[in-house]
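Undergrad: curious how this folds, go ahead:
(2 chains)
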Amino acid sequence: QKEVEQDPGPLSVPEGAIVSLNCTYSNSAFQYFMWYRQYSRKGPELLMYTYSSGNKEDGRFTAQVDKSSKYISLFIRDSQPSDSATYLCAMSVGKAGTALIFGKGTTLSVSS
Amino acid sequence: DGGITQSPKYLFRKEGQNVTLSCEQNLNHDAMYWYRQDPGQGLRLIYYSQIVNDFQKGDIAEGYSVSREKKESFPLTVTSAQKNPTAFYLCASSIQLSLGELFFGEGSRLTVL
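TA: Got it, this is the predicted structure:
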């Protein structure tokens, strides 16, 4: 079993839809959870950063972490065509000497 | 503006040639990383460095080499030993290894002809 699993999609939704993106993981030591957004031919940029379990909201974006289920989610409300990108989940144990582990990314397309 | 600069953005090389990708950061970060991105594969870690003059192999280091002579610079050499070098290469940095946000450059696309 891979450390981080993410459905690659592609996911196509109409403008205004609620989008749910998910990752599962196997390492219970992960403490820090991130979502990155990557536009085509660009480097990823950090979208959301959470520590341990719970929810975090930023505008139209909500990140959820359920450590008991080893499951994280990113919700996008009122999706816009500008949200069309690849979304990568990432996580780490937060200890020196360990690197961030990325999911493979989910490609989202929002049509107007 | 602070950030990470990668160059060149696009690079073509013939088989058997070595090529070096540049990565410079002015964020004063200690840790720097190189990732390779292929369609459907996500980001795979090639090398990372926690501090000047120190670097560690990642998951797919074979056929690649790096140096870290200066804090702000972490160049990646793709050698002729790399069997399938055509890919999108991303450089990143963070305050310390595994702590805080990873900042990425714009990437370098290498195509072997």
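Undergrad: A:Leu21 looks like it's in a strand, true?
TA: Yes - under DSSP: H, G, I helix; E, B strand; the rest coil, A:Leu21 falls within a strand.
Undergrad: does it touch A:Tyr71 like I think?
TA: No - look at A:Leu21 against A:Tyr71 with C-beta atoms under 8 Å: they stay out of range, at 11.7 Å. For glycine as for every other residue, the C-beta is placed from the backbone atoms N, C-alpha and C.
Undergrad: looking at those two, which has the bigger crowd around it?
TA: A:Leu21 (22 against 13; other C-beta atoms under 10 Å in any protein chain shown).
Undergrad: can you tell me what sits against the one helix or strand in chain A whose mean pLDDT sits lowest?
TA: Ranked by mean pLDDT, DSSP states H and E, the weakest helix or strand in chain A is strand A:101-102, scoring a mean of 90. Residues from elsewhere that reach strand A:101-102, judged by C-beta atoms under 8 Å, 6 or more residues apart in numbering or on different chains: A:3-4, A:25, A:27, A:30, A:36, A:88-92, B:42-43.
Undergrad: considering those residues, which possesses the most neighbours?
TA: Neighbour max across those (other C-beta under 10 Å) = A:Cys89, 28 neighbours.
Undergrad: show me the beta-bridge partners of it.
TA: A:Trp35 (DSSP bridges).
Undergrad: show me the contacts for it.
TA: A:Val4, A:Gln6, A:Leu21, A:Cys23, A:Phe33, A:Met34, A:Trp35, A:Tyr36, A:Ile72, A:Leu74, A:Phe102, A:Gly103.
Undergrad: spell out which parts of chain A neighbour chain B.
TA: A:6, A:8, A:34, A:36, A:41-46, A:49, A:88, A:90, A:92-100, A:102-105 (C-beta under 8 Å from any C-beta of the partner chain).
Undergrad: if we use 10 Å, what do you get?
TA: Where chain A comes near chain B, counting by C-beta under 10 Å from any C-beta of the partner chain, the residues are A:2, A:4, A:6, A:8, A:32, A:34, A:36, A:38, A:41-46, A:49, A:86, A:88-90, A:92-105, A:107.
Undergrad: for B:Gln82, which non-adjacent residue is closest in space?
TA: Spatial nearest neighbour of B:Gln82, excluding adjacent residues (C-beta to C-beta, 6 or more residues apart in numbering or on different chains): B:Gly63 at 2.9 Å.
Undergrad: so that neighbour makes contact with B:Ala87?
TA: No - in this structure, B:Gly63 is not within contact of B:Ala87 by C-beta atoms under 10 Å, at 11.3 Å.
Undergrad: could you flag which of the residues of chain A next to chain B are buried?
TA: For the residues of chain A next to chain B, a neighbour count by 16 or more other C-beta atoms under 10 Å in any protein chain shown gives the buried set as A:4, A:6, A:32, A:34, A:36, A:38, A:43-44, A:49, A:86, A:88-90, A:92-93, A:99-105, A:107.
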